[in-house]
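Colleague: Compute the structure for the input listed below.
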Amino acid sequence: MSQTSRTPGPPATSTGGQRGARPLTLQFPQSLAVYDQYAEAQRAVDHLADEGFPVENCMIVGTDLKQVERITGRLTTGRVAAAGALTGLWLGLFVGLVMSLFSTESTLATILSTLVFGVLFGVIWSLVGYALTRGRRDFSSVSAVVATRYEVLVEHKHLDRARGLLAGLPGALPNPFA
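Modeller: Numbering: from 1, shown residues only. Model (predicted):
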């Protein structure tokens, strides 16, 4: 039995390129270059594409993952209530619009009443959730999982050509394998 892939992982969708059941794999990938920023790796692959290289034989793999959380502000009861009211407003508007499609009542009255109920529901729901945290998280934040390195992999049979083309990229990294 032959091995068809050296890169493990579940099948996933792709925005183009390789066809088949496992579009996020290469048969025998080899490292072409490693970058600290995704934009640099993307620039390298774009350069290969501009030079006519079959880029469907390339992958950019983010490695050394870390979670980054940016604190955006302090949470207060007022801020929590305001955020809940805004969320409830949108929910009430949506429900009101849907209900007005099937209602014989006044469209404006239906939408306004669902807006009021949505705001009340949003405020109560968010304040109850905030109270249940008991002050353990009195701040708001956004978070993301990001890679600290980005490796460009290329199918083994195209490695030499890719290295040659990448050497012509202004500001390209020196070949770490030379």
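
Colleague: Next, the buried residues of the helix or strand containing A39.
Modeller: A39 is part of helix 38-50, with elements assigned from DSSP states H and E. Residues of helix 38-50 classed as buried under the neighbour-count rule (16 or more other CB atoms under 10 Å) are 40-41, 44-45, 47-48. The C-beta positions use only the backbone N, C-alpha and C, and glycine is treated the same way.

Colleague: any chance you could read off phi and psi for P29?
Modeller: Reported as degrees, to the nearest 10, the phi and psi values for P29 are phi -70, psi 140.

Colleague: cool, V145 as well?
Modeller: Dihedral pair for V145: phi -100, psi 120, per degrees, to the nearest 10.

Colleague: Give me the contacts around the helix holding A39.
Modeller: The contact list for helix 38-50 (CB atoms under 8 Å, 6 or more residues apart in numbering) reads 32-33, 35, 55, 58, 60, 62, 147, 150-152, 162, 165-166, 168-169, 172.

Colleague: Let's see that with 10 Å instead.
Modeller: By CB atoms under 10 Å, 6 or more residues apart in numbering, the residues outside helix 38-50 that reach it are 32-35, 37, 53-62, 146-147, 149-152, 154, 158, 161-162, 165-166, 168-173.

Colleague: same question, stretch 123-142
Modeller: Contact partners of stretch 123-142, identified using CB under 10 Å, 6+ apart, comprise 68-77, 79-88, 91.

Colleague: could you redo the last one with a cut-off of 7 Å?
Modeller: 69-75, 80-81, 83-85, 88 (CB atoms under 7 Å, 6 or more residues apart in numbering).
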